[in-house]
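> sharing a model that was predicted from the sequence below.
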Amino acid sequence: MTPLTKQERWLMWLSTLVGVAWILYRLLASTGWGLDDEISHYLFSKSVWENSDQLFNHWTRPGRNLLHCLAAPFGFTATRIFTLALAMLSVGVTFKVGRILNVRALWAVPMMLIFQSWFPELSYPVLTQTPLMLFWILGVWLALTKRLHLAGFCFGYLSLIRHEGILLTAAWGLWLTFSDGGFGRQCVLVVKGDAEVKTLVPKIGRDALYGLGTVSAILLYNLAAYLLNDSFPFSVYFESEPTTMYGSGTIYHYFPLLAQGVGAVSLLLFIVGFYNIRKRLGAWSILLVTYPVYFIIHSLIFWKGAFASGGYYHFIMPMAPFVALISAEGLSLIYGNDRALWRKISVAALSGLVVFQGLNMAHHQVCYQNWAGIQHGDAQTDFGLIAKPMRKGELNDKITEASEWALNHYPKGTVIIAKHVTHNFTQEYLMTKEREKIENAPLHRMSVGTVFLWDRLYCDHENRIKYSSFHESQDWKEVKSWKLDYPGDGELARDQYAVIIFEKVSAIDKLDKEYSELGESDKYDKAYD
């Protein structure tokens, strides 16, 4: 391992501090979020202290929740800062991995990670990406330093952060058994005639112990869930089609998303980097097994429309450390040992472009333009050299406005319900057992005076509570509505609205009259048709 020169240390720390300052600015200046899931996860984590059952809610990911619940009581911004701290810990571990792998341009590893186009956007949200990224690269580092039991625990923990992590756990198991000392490796030696069959026996015991360490986190969590909550979370790995609302796409769907996410300069260096490590593939084997496998898994999952994959580029962001290490290897090819002037100029230019890539965030600027307004001639494209902080989308703005209107126009204590999580976030409602019971009640069982904020996304498009359930009922009256700025070409009245406030004015529901002879479960289903 060649130690960093004084100049290299300065370059490394300067780029890291600039990167952290840039992300912190975006974190503090942003008033919106890229995915509503972020505020859902935050509220679930904050609710843990009021309702411990949320630790066993597999949708909000227990492995993520166990981390974020530590910071959630201190507020949303504090939880984002905590997530950023986890991301920066990932940067430090990635640097350590680069040192072990003898990356020549080691000083550039943090820069290659922090200034990937998607990193300033996805390193701080309260989502699963950063925890998965951290435990994954931590597992790699522990494996490379021969602390295999701890590495196994990290790879096993991945499946508690995202359920597809179970396949990374399996990939780790294959790598482990075919590495030096493993049963698979010993089988190869036996087949080649370089070892005797009797040498296989101790290798089975060795791999079994490592395997037990790997699945320990999964077993402990499932045991706790069974004893305390009478549930069996492991079943999530077998629910290949929990919902069909996300759809599917082409098998190459994630290729352009990966390219856009890492940025053009990083992608170029990434390709060059593969050439630079062509003679050291063995040293890089654990990365080359797990990271490409993860990409292939997600491509197949979305192609088949399985496991509720939405095809978001967020899902592949945990690959960022791998891209950073290979990109630094690409820069290493130019960096060289002779430090010729042309090399210095080339490295300086490429480094500047990488930093610009992370400040410009081209993919982000494209995604969050007001394209509906631009199409109607009411707005213009607004691309800048530096990406602007995140702002709320139209629906989030209108939900917030409707939520605050309802709070100000109804007496204190009025039950106000919405399926869109922005309402709960605006009013700081936690997911207590009492709140769960209120929100999950069918419409015909809600008491007179209940206020419901219907929205076109979660209520109608995701079939949670249809517009017709209110419109065709005599028990609910429409109080106030917020129209969409650009409603599109929909013919139905509901297509014109973002939010409609309904109030329950009668206790005798039309459904009760029409389906009085049906069982309770049938009436519940009818209420959601």
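Here it is on my side, so go on.

> can I assume Val140 is in contact with Val289?
No. With contact defined as C-beta atoms under 8 Å, Val140 does not reach Val289; the gap is 10.2 Å. (C-beta placed from N, C-alpha, C; glycine too.)

> which one's more surrounded, the two?
Set Val140 next to Val289 and count neighbours by other C-beta atoms under 10 Å: Val140 wins out with 27 against 16.

> look up phi and psi at the more buried one.
phi -60, psi -50 (degrees, to the nearest 10).

> contact partners for it?
Shown in contact with Val140 (C-beta atoms under 8 Å, 6 or more residues apart in numbering): 97, 151, 286-287, 290, 321.

> quick one, helices of the stretch 101-250 of the chain?
Ranges of helices within the stretch 101-250 of the chain are 109-114, 119-122, 129-144, 148-161, 165-178, 183-192, 200-229, based on DSSP state H, counting those that start in this stretch.

> could these go into TSV alongside mean pLDDT and distance to Thr414?
Putting the helices of the stretch 101-250 of the chain into TSV (pLDDT from 0 to 100; distance: least, C-beta to C-beta, whole Å) gives the following:
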stretch	mean pLDDT	distance to Thr414
helix 109-114	97	47
helix 119-122	96	38
helix 129-144	97	37
helix 148-161	94	38
helix 165-178	92	42
helix 183-192	84	64
helix 200-229	86	32
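
> return the most buried member of these.
Ranked by mean neighbour count, the helices of the stretch 101-250 of the chain are led by helix 109-114 with a mean of 29 (mean count of other C-beta atoms under 10 Å).

> for Leu281, which of the helices of the stretch 101-250 of the chain is the nearest?
Comparison of the helices of the stretch 101-250 of the chain against Leu281 by C-beta to C-beta identifies helix 165-178 as nearest, at 12.9 Å.

> so who does Trp33 touch?
By C-beta under 8 Å, 6+ apart, the residues touching Trp33 are 39, 125, 390, 392, 396.

> cutoff 6 Å now
The contact partners of Trp33, by C-beta atoms under 6 Å, 6 or more residues apart in numbering, come to none.

> tell me the spacing between it and Tyr25.
In this view, Trp33 and Tyr25 are 16 Å apart by C-beta to C-beta, to the nearest Å.

> in CSV, list the helices of the stretch 101-250 of the chain along with distance to Ala402.
Below are the helices of the stretch 101-250 of the chain laid out as CSV (distance: least, C-beta to C-beta, whole Å):
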stretch, distance to Ala402
helix 109-114, 38
helix 119-122, 28
helix 129-144, 30
helix 148-161, 34
helix 165-178, 37
helix 183-192, 59
helix 200-229, 34
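
> closest one to Gln369 among those helices?
helix 119-122 (14.6 Å).

> contacts for that closest one next, please.
22-23, 26, 129, 317, 320, 358, 364.

> need the max-distance pair from the residues you listed.
Maximum pairwise distance in the contacts of helix 119-122, criterion C-beta to C-beta, is 18.1 Å, between Trp22 and Gln129.

> quick one: Asn370 and Ala379 touch, right?
Yes. Contact criterion C-beta atoms under 6 Å: Asn370 and Ala379 qualify, at 4.7 Å.

> rewinding a little: can you turn the buried part of the contacts of Val140 into a PyMOL selection?
Here is the PyMOL command that picks out the buried ones among the contacts of Val140, judged by 16 or more other C-beta atoms under 10 Å:
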select buried, resi 97+151+286+287+290+321
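
> I'd guess Thr381 is in a helix, am I close?
No. Thr381: not assigned to a helix; according to DSSP: H, G, I helix; E, B strand; the rest coil it is coil.

> what helix or strand is Trp482 located in?
strand 476-483 (DSSP states H and E).

> for that strand, which positions count as buried?
Using 16+ other C-beta under 10 Å as the test for burial, strand 476-483 gives 476, 479, 481-482.

> possible to save the contacts of Val140 as CSV with secondary structure?
Converted to CSV, the contacts of Val140 look like this (three-state DSSP):
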residue, secondary structure
Val97, helix
Ala151, helix
Ile286, helix
Leu287, helix
Thr290, helix
Pro321, helix
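
> dump the contacts of Val140 into a markdown table; add distance to Asn57 as well.
Below are these laid out as a markdown table (distance: C-beta to C-beta, whole Å):
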| residue | distance to Asn57 |
| --- | --- |
| Val97 | 33 |
| Ala151 | 28 |
| Ile286 | 32 |
| Leu287 | 32 |
| Thr290 | 27 |
| Pro321 | 28 |
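
> on that earlier part again, between the buried residues of strand 476-483, which is nearest Ser159?
Trp482 (41.1 Å).

> show me what contacts the closest one?
Contact partners of Trp482, counting by C-beta under 6 Å, 6+ apart, are 398, 402, 498-499.

> just say helix, strand or coil for Trp33.
Trp33 - assigned by three-state DSSP - is coil.

> that one and His314, how far apart?
The value you get for Trp33 to His314, if C-beta to C-beta is used, is 12 Å.

> do Ala320 as well
On the measure of C-beta to C-beta, Ala320 and His314 end up 11 Å apart.

> those two - which one has more neighbours?
The neighbour count for Ala320 versus His314, taken as other C-beta under 10 Å, is higher for Ala320 (29 against 21).

> please identify the helix or strand for the more buried one.
helix 320-335.

> quick one: buried residues of that helix?
Quick answer for helix 320-335 (16+ other C-beta under 10 Å): 320-332, 334-335.

> would you list every one of the strands in the stretch 401-529 of the chain?
Using DSSP state E, counting those that start in this stretch, the strands found in the stretch 401-529 of the chain span residues 416-418, 451-455, 476-483, 497-504.

> near the residue lying closest to Val190 once chain neighbours are set aside, how many residues? Count them for me, please.
Leaving aside its sequence neighbours, Val190 sits nearest to Val197 (C-beta to C-beta, 6 or more residues apart in numbering; 5.7 Å). Counted with other C-beta under 10 Å, the neighbours of Val197 add up to 9.

> what distance do you get for Val197 to Gly182?
The value you get for Val197 to Gly182, if C-beta to C-beta is used, is 16 Å.

> my guess is Val499 meets Ala402, correct?
Yes. Between Val499 and Ala402 there is a contact at 4.3 Å, judged by C-beta under 6 Å.

> which residues are common contacts for these two?
Listed as contacting both Val499 and Ala402 by C-beta under 6 Å, 6+ apart are 453, 482.

> who's more crowded, these two?
Higher neighbour count among Val499 and Ala402: Val499, with 29 against 26, using other C-beta under 10 Å.

> what residues are up against that one?
Neighbour list for Val499: 398-399, 402, 453, 455, 482 [criterion: C-beta under 6 Å, 6+ apart].

> of the residues you listed, closest to Tyr252?
For the contacts of Val499, the minimum distance to Tyr252 (C-beta to C-beta) is 33.7 Å, reached by Asp455.

> find the nearest non-adjacent residue to the closest one, please.
That would be His420: by C-beta to C-beta, 6+ apart, it lies 4.5 Å from Asp455.

> phi and psi next, for that neighbour.
phi -80, psi 120.

> that one: neighbour count?
Residues near His420, counting by other C-beta under 10 Å: 26.

> so which pair among the contacts of Val140 is furthest apart in space?
Using C-beta to C-beta, the pair of the contacts of Val140 lying farthest apart is Ala151 and Pro321, separated by 15.0 Å.

> let me know the pLDDT of Gly261.
For Gly261, the pLDDT comes out at 94.

> quick check, Gly249 in contact with Lys304.
No. Counting by C-beta under 6 Å, Lys304 is not a contact partner of Gly249; they are 10.1 Å apart.

> show me where the chain dips below the pLDDT cut-off.
In the predicted model of the chain, residues 1-2, 232-248, 306-309, 337-338, 461-464, 488-494, 508-529 satisfy pLDDT under 70.

> circling back to that earlier point, nearest to Ile465, of the buried residues of strand 476-483?
Of the buried residues of strand 476-483, the one sitting nearest to Ile465 (C-beta to C-beta) turns out to be Trp476, at 10.7 Å.

> so the closest one versus Leu212, what's the distance?
56 Å.
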